[in-house]
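A.B. asks: 3D, please:
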Amino acid sequence: MQLQNTRTLIDKIILFIKGVAMGGANKIPGVSGGVVAFVTGFYEELIFSFKRFNVKALKLLFNGRFQSFFQYVNFKFLVILFSGSLFSYFSVSLFLDFLLRNYELFVWSFFFGLIIGSIYYIAKGCKKLKTTSIFAIIIGVIIGISISFMPPAKENANLSFVFLCGIIGVSGMTIPGLSGSFILILLGNYVLLLVDSVNMLSKTLFDIFSGNFNFIQDTERVKYLKIIGSFSAGSAFGLVITSHILGYVIKRWDNIVTAVILGFITGSLGNVWPWKEKIFIMANNEYLLDSQGNKMLQNYKRYIPNISEPETWYATAFIIIGIAILVAIEYFGRENKSIL
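C.D. replies: Predicted structure coming up:
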């Protein structure tokens, strides 16, 4: 019994760490939290759990059958996973922001390697490469490349549009290869939703825990809280809707869906190509700045690295490390299955 309880505790810790990894990935433009879910083996359970938020779940909730409701929606799994994501959002993701500011080339190289490794991992999941599967891979590649080079829109704080951003942005969690953060850049609301609003939310939570409720009179703070509330509501709605759609198509066309995901991730490699320069938004020959005085990112200009520079070889080493990690995950996952 004690051994079983220890194993259960270890499983919970591992799931929490997976949530941390998914949360960190979701915040970085070009990286998909869905890839983390897919590769680390909880993608199908994630989709299954969100799919359980249906009419039956509502009946259980409104009838006061809370224990049955929690069990039905796989509540314990979701709480542990999203606790890790939330922890990452206010801690690990800040560390990643620091790394991106100071060691950007090496961070992108590492993620590039991880995604190449995930392509290998997912490719092994394609049972048979039929004509339909090959066509699905090509479609996925085209969509991934197209999204990589789309120009971004301007910032829009309208609550209806913010709600829509939540629906679309959360797709990075449910669709492997689609970066929710990068989609928010294309929609023009990355800084508004994942920087400014999150900072305001952090300040508000600190004030609440300190017993200071003066922020209620702060119109700017209230405005950002409405924005983050609308975005969160859209995200929750999007998670449920997309999980129902994905659950339906995965059940019927599993191999084709895997092929599309494989192509999509391959096509989106341009998002995380390590050697690139930032292109900032300009108006009237001046850079547009966010609320913190930082230049607003528009897109990236990719280039071929100079192989004579030591940095290029360091970056290549990080790519290899990223690939090796995914190959190792796949290998040990296979070994554990054979043991069980």
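A.B. asks: Packing partners of the helix or strand harbouring residue 203?
C.D. replies: Here residue 203, judged by DSSP states H and E, is contained in helix 197-209. Where contact means 3 or more C-beta pairs under 8 Å, 6 or more residues apart in numbering; DSSP states H and E, helix 197-209 is packed against helix 219-252. Where you see a C-beta, it was placed from the backbone N, CA and C, and this is true even at glycine.
A.B. asks: quick one: the helix it packs on to helix 197-209, angle?
C.D. replies: 110 degrees (axes from the mean of the first three to the mean of the last three C-alpha atoms, to 10 degrees).
A.B. asks: Can you name every helix or strand that helix 219-252 contacts?
C.D. replies: By 3+ C-beta pairs under 8 Å, 6+ apart, helix 219-252 packs against helix 43-51, helix 159-169, helix 171-174, helix 197-209, helix 254-267.
A.B. asks: Any idea which of those helices gets closest to residue 24?
C.D. replies: helix 171-174 (12.3 Å; C-beta to C-beta).
A.B. asks: between the helix holding residue 203 and helix 159-169, how big is the angle?
C.D. replies: Going by the same axes, to 10 degrees, helix 197-209 makes 100 degrees with helix 159-169.
A.B. asks: Turn the helices and strands packed on helix 219-252 into CSV, including mean neighbour count and distance to residue 134.
C.D. replies: CSV is the format used below for these (neighbours: other C-beta atoms under 10 Å; distance: least, C-beta to C-beta, whole Å):
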stretch, mean neighbour count, distance to residue 134
helix 43-51, 20, 23
helix 159-169, 20, 28
helix 171-174, 25, 24
helix 197-209, 15, 41
helix 254-267, 23, 8
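A.B. asks: comparing those helices, which gets the lowest mean pLDDT score?
C.D. replies: Ranked by mean pLDDT, those bottom out at helix 171-174, with a mean of 71.
A.B. asks: How about the contacts made by the nearest residue to residue 48 once chain neighbours are set aside?
C.D. replies: Distances taken as C-beta to C-beta, 6 or more residues apart in numbering place residue 247 nearest to residue 48, at 6.7 Å, with adjacent residues excluded. Counting by C-beta atoms under 8 Å, 6 or more residues apart in numbering, residue 247 touches 47, 48, 51.
A.B. asks: Who are the contact partners of the second one?
C.D. replies: Residue 48 makes contact with 74, 243, 247, according to C-beta under 8 Å, 6+ apart.
A.B. asks: same deal with residue 156?
C.D. replies: With C-beta under 8 Å, 6+ apart, residue 156 has these contacts: 162, 187, 188, 189.
A.B. asks: for residue 112, same thing?
C.D. replies: With C-beta under 8 Å, 6+ apart, residue 112 has these contacts: 269, 272, 273, 274, 319, 322.
A.B. asks: can you map out the strands along the chain?
C.D. replies: Counting by DSSP state E, one finds strands in the chain at the ranges 276-280, 282-283, 286-287, 297-302.
A.B. asks: Could you give the average pLDDT over the last one?
C.D. replies: Same thing as strand 297-302. The model assigns strand 297-302 a mean pLDDT of 70.
A.B. asks: and if you look at the third one?
C.D. replies: Mean pLDDT, computed over strand 286-287, is 70.
A.B. asks: Kindly report the same for stretch 320-327.
C.D. replies: 83.
A.B. asks: What separation do you get for residue 25 and residue 122?
C.D. replies: When distance is defined by C-beta to C-beta, to the nearest Å, residue 25 is 15 Å away from residue 122.
A.B. asks: Compare these two (neighbour count), which wins?
C.D. replies: Set residue 25 next to residue 122 and count neighbours by other C-beta atoms under 10 Å: residue 25 wins out with 27 against 24.
A.B. asks: Now for that one: which residues touch it?
C.D. replies: So, once contact is read as C-beta under 8 Å, 6+ apart, residue 25 ends up touching 31, 32, 33, 35, 36.
A.B. asks: One more: residue 213?
C.D. replies: Per C-beta under 8 Å, 6+ apart, neighbours of residue 213: residue 207.
A.B. asks: Now do the phi/psi pair for it.
C.D. replies: Per-residue torsions, residue 213: phi -110, psi 20 (degrees, to the nearest 10).
A.B. asks: got it, and residue 103?
C.D. replies: Dihedral angles (degrees, to the nearest 10) for residue 103: phi -140, psi 50.
A.B. asks: And it, how far from residue 264?
C.D. replies: Residue 103 is 28 Å from residue 264, by C-beta to C-beta.
A.B. asks: same thing with residue 40?
C.D. replies: 18 Å.
A.B. asks: likewise residue 311?
C.D. replies: Distance from residue 311 to residue 264, by C-beta to C-beta: 30 Å.
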